[in-house]
Structures are given as structure tokens and as C-alpha cells.
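Colleague: Okay, here's the prediction I keep looking at, along with the sequence it came from:
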Amino acid sequence: MKKSTKILIPSIALSIFTIAGVTGAGFASADDSQNLSIAQRLANRFNLSVDDVSKVFEEQKQERQAEMKQKQEEKLDALVSEGKITEEQKQLLIDKFEEKRVAAENKKNNRLQDKENLENMTEEQRDAEKTERQTEMKAEREEMEKWFADNGIDKDLFSKMGEGGQKGSHRGLNDRK
């Protein structure tokens, strides 16, 4: 690959990530099919390899995940230092967070398939699907509450969802007390 192309691809990707972050476009949470579509468009526009552009997106995703994991561990270390959790609880949390991350990734892949199926569903089938998802989310929430209690961890240190804020408000490790 030419030297100018090696510089151009990351520059383009960085520009897109910056614009998306500033405009609140939610690009960082866009699913992989959207990233691929954008990678294809960038590759076509700038006469680049789709694989090269896709690799830049994947590298950026991995860097973000590594940064988030580092911040998470720093916050857990602070909770240990403050005496709010033990080292053992910290490791339990790290393991649980990873388990939930993998499960979320699997769900995301299933949702991509479900989107295709939703287009062919009747309104009644969509309503049943929505109810099923709500039931699953409630069960997951209850399972997590039980997990926190079973492990002697104050769940409020990690999540305040829907408590007096706007719909969908979330306070996690970044906004702990």
C-alpha cells in the first residue's frame, strides 16, 4: 500500500469518528453492518480497498474497548481503595462485565437477523416480539440484582437506570457517587 494511502485511511476514519462524536450521531455504537456500509462508501469514494478501510474501523473499535476496560479497572481499583468492594468482588465484577459484554455482542448479532425477520412480521407478531424482549430484559435485570446481592455488592455503585432522570438515563461507573 502506498504511504499516502496509509495516512489517508486513518485520517478519514478519524475525521468520521470526530464528526460523529460531535454531532451525537451515535456512530461509535453503530452496528457492524453500518460500519461495513460506511467502509464500502469510503473505499469507493477514495478508491481504497474495502478491507483496508474495514480494518481501520475494527482497530478503532478494539482501541475503544481497551480504553473502556482500562477506565473500568481504574474505577474498580478506586472502589477497592475506598473500601466499597473487596479485591475478590472486583474480580467477580470484571468476570461478570466480560460475560455481559460477550452476551451483548451475541444479542447484537441476533438482532441483525431479527431486523430482517421483523420486516416480514404482522403487527401482532411484532407486538409479541416486543413483549418477549421486555420479559427477557426484566429477567436479566432481576438476575443481575440477585447476582449483586449474592456477592455482597452494592448495585447502586454501578447503575442507576430510570431513577428520576429522563427516560433511558443511565449512570454507571463513570458517574458513581
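Modeller: Now that the structure is in, tell me what you want to look at.

Colleague: Ranking helices and strands of the protein by mean pLDDT, which lands last?
Modeller: strand 160-161 (a mean of 40; mean pLDDT, DSSP states H and E).

Colleague: which residues of this protein fall in helices?
Modeller: Assigned by DSSP state H, the chain shows helices spanning 3-23, 32-46, 50-81, 87-118, 123-150.

Colleague: Looking at these, which is nearest to residue 157?
Modeller: Closest approach to residue 157 among the helices of the chain is made by helix 50-81 (6.4 Å; Cβ to Cβ). Quick note: C-beta positions are derived from backbone N, CA and C, even for glycine.

Colleague: in that closest one, what counts as buried?
Modeller: Within helix 50-81, the residues that count as buried by 16 or more other Cβ atoms under 10 Å are 52, 53, 54, 56, 57, 60, 72, 75, 76, 79.

Colleague: Could you tell me the model confidence score at residue 118?
Modeller: You'll see residue 118 listed with a pLDDT of 74.

Colleague: isn't it right up against residue 127?
Modeller: No. With contacts counted by Cβ atoms under 8 Å, residue 118 stays clear of residue 127, the gap being 11.4 Å.

Colleague: Least reliable of the helices of the chain by average pLDDT, please.
Modeller: helix 3-23 (a mean of 49).

Colleague: dump the residue contacts of residue 90.
Modeller: Going by Cβ atoms under 8 Å, 6 or more residues apart in numbering, residue 90 touches 76, 77, 79, 80.

Colleague: I'd like to know how far the third one sits from residue 90.
Modeller: Residue 79 sits 7 Å away from residue 90, taking Cβ to Cβ, to the nearest Å as the criterion.

Colleague: Also the last one?
Modeller: Residue 80 sits 5 Å away from residue 90, taking Cβ to Cβ as the criterion.

Colleague: on that earlier part again, using CSV, lay out the helices of the chain together with distance to residue 156.
Modeller: Shown next, in CSV, are those (distance: least, Cβ to Cβ, whole Å):
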stretch, distance to residue 156
helix 3-23, 29
helix 32-46, 33
helix 50-81, 12
helix 87-118, 14
helix 123-150, 9
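
Colleague: Could you find the closest non-adjacent residue to residue 144?
Modeller: Nearest residue to residue 144 in three dimensions, chain neighbours excluded: residue 155, at 7.3 Å (Cβ to Cβ, 6 or more residues apart in numbering).
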